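Enquirer: one predicted model, sequence on top.
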Amino acid sequence: MAQANLLFPRGFLWGCATAAHQVEGQNTNNNWWAWEQQPGRIINGEKSGKACDWWGGRWREDFDRAAEANQNAHRLSIEWSRVQPAPDRWDESALDYYREMLQGLAERGMTPMVTLHHFSEPLWLTERGSWEAPEVAELFNRFVEKIVEALGEYVNLWVTINEPNVMLTSAYFMDDFPPGKNDFGPAFRVAENFTKAHAMAYHTIHRLQVSARVGIALNYRSFTPARSWSPLDRWAANLLGSSFNHMFPDALQIGRLRFIALSKSIPQAKGTQDFLGINYYSRDQVAFNLLKPGELFARRFYLPDAELSPTGFIANVPEGMFEALKWGLKFNVPLIITENGVEDADDHLRPRYLIQHLHQVWRAVNFNFPVKGYFHWTLVDNFEWERGWSQRFGLWELDVETQARRKRPSVDLYSEICRENTISSDLVARYAPEILPKIFPD
Ligand code: GAL
């Protein structure tokens, strides 16, 4: 076969995504730390502990790794509970530390994308009712204002809230995330507060920074009716799609939040996304099930012949990436893949998964979809929320005890793609020859 290259646009952002609680360690003043202390909350009773020890300084060596591996961008989050440890107290030394990290990225020639809320929150907010508290948007806004004033000179790309749809589902329907509720009651109020908080933050950031680009990172899940002929399966898949995927970005586009039969006008949210961040991991089959009202009458599963990740968490369905980007077009804003990856300690699936998903991103780019960057989840194995350390998403393997890092083969694979801004047939032949004919047909 002749040599061929799949090129990405000039200036494309290539990086990894991380989140404060998952990498910093010793975040003792937030709701996740408290959650980890409760028996039965985290697989095997595991704890975040030192995590990747970024608060102990190891972000430096990890940023070196990323930069040496040709990544030109990095997405990280700021831990609210560190910057504002009590409602009436700002910790300037924490701000200095984040400033140093952002300078560290700049020195390494990497563009930062900063997430202002990535699942964890200060304990004092939890005590006030967390995202159900009527004043939560205002409180979040004060934190955002402080951050943009202190760190704005280093950052233009802001994600206000990471995956409001996952937080809503995991914390208010599935009992997986704190506060561990399992009822529809407060859910709509929480969704409303996420939307209001994002809108307020959006306007604040723009007031303080003319050049800012502000959006959310949404977890896009592909939902396919299990039996395409079944109107009930189609109905259930649609209902899931409209609540899980559409609800938040729609609200930010039109200024109205809709969830099943509920609807609320939030006019200040209209037109408050400068880009849409998409986190894409997998696709579900959806079968209607009358016995699952709490899960919107849906039984979700992977196809029996799907290629599964080692813990069965992810089915490798790269076409869903293209579907997500195509869907994202309707918002008429630039699109950024803010997360994509797979848990795979042995790195058997990751090379293939990575190439196949990037191939779909490339396809989208070639249809002229405005895709501006890709952030892999994640740089180094980290603390995976209720799944603890049982899932290894890192390009680099982490020994949690010794804090030693070891390179997985995907590091060099991704590094070559980032350096060349290209997926070459030669690279595919070396890392995943089995998919060569599919990606580069004769
Ligand atoms: C996302 C989340 C990340 C990470 C990832 C892999 O939903 O934003 O923090 O945990 O899933 O599990």
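Expert: Arrived safely, thanks for sending. Numbers count the residues shown, from 1 in each chain.

Enquirer: all strands of the stretch 201-350 of the chain, in order?
Expert: Assigned by DSSP state E, counting those that start in this stretch, the strands in the stretch 201-350 of the chain fall at 213-225, 256-259, 262-265, 276-288, 298-301, 335-339.

Enquirer: and what of the stretch 51-200 of the chain?
Expert: Going by DSSP E, counting those that start in this stretch, the stretch 51-200 of the chain shows strands at 73-77, 111-117, 157-162.

Enquirer: turn those strands into JSON lines, including distance to the ligand, mean neighbour count and mean pLDDT.
Expert: Backbone N, C-alpha and C define where each C-beta goes, glycine included. Below are those laid out as JSON lines (distance: least, CB to the nearest ligand atom, whole Å; neighbours: other CB atoms under 10 Å; pLDDT from 0 to 100):
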{"stretch": "strand 73-77", "distance to the ligand": "9", "mean neighbour count": "26", "mean pLDDT": "99"}
{"stretch": "strand 111-117", "distance to the ligand": "9", "mean neighbour count": "24", "mean pLDDT": "99"}
{"stretch": "strand 157-162", "distance to the ligand": "5", "mean neighbour count": "25", "mean pLDDT": "99"}
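
Enquirer: can you list these in JSON lines and add distance to residue 344?
Expert: As requested, those are exported to JSON lines (distance: least, CB to CB, whole Å):
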{"stretch": "strand 73-77", "distance to residue 344": "20"}
{"stretch": "strand 111-117", "distance to residue 344": "24"}
{"stretch": "strand 157-162", "distance to residue 344": "22"}
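
Enquirer: nearest to residue 423, out of those strands?
Expert: Residue 423 sits nearest to strand 73-77 of all the strands of the stretch 51-200 of the chain, at 18.0 Å, using CB to CB.

Enquirer: so what are the sheet partners of that closest one and their directions?
Expert: With DSSP bridges as the test, strand 73-77 is paired with strand 13-17 (parallel), strand 111-117 (parallel).

Enquirer: residue 79: which of those is closest?
Expert: Closest to residue 79 of the strands paired with strand 73-77 is strand 111-117 (CB to CB; 9.8 Å).

Enquirer: which regions of this protein sit below the pLDDT cut-off?
Expert: Across the chain, the ranges flagged by pLDDT under 70 are 1.

Enquirer: which helix of it spans the most residues?
Expert: helix 187-208 (DSSP state H).

Enquirer: who does it touch, helix- and strand-wise?
Expert: helix 136-151, strand 157-162, helix 164-172, strand 213-225, helix 247-254, strand 256-259, strand 262-265 (3 or more CB pairs under 8 Å, 6 or more residues apart in numbering; DSSP states H and E).

Enquirer: including distance to residue 397, could those go into a markdown table?
Expert: Shown next, in a markdown table, are these (distance: least, CB to CB, whole Å):
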| stretch | distance to residue 397 |
| --- | --- |
| helix 136-151 | 31 |
| strand 157-162 | 24 |
| helix 164-172 | 25 |
| strand 213-225 | 25 |
| helix 247-254 | 34 |
| strand 256-259 | 40 |
| strand 262-265 | 45 |
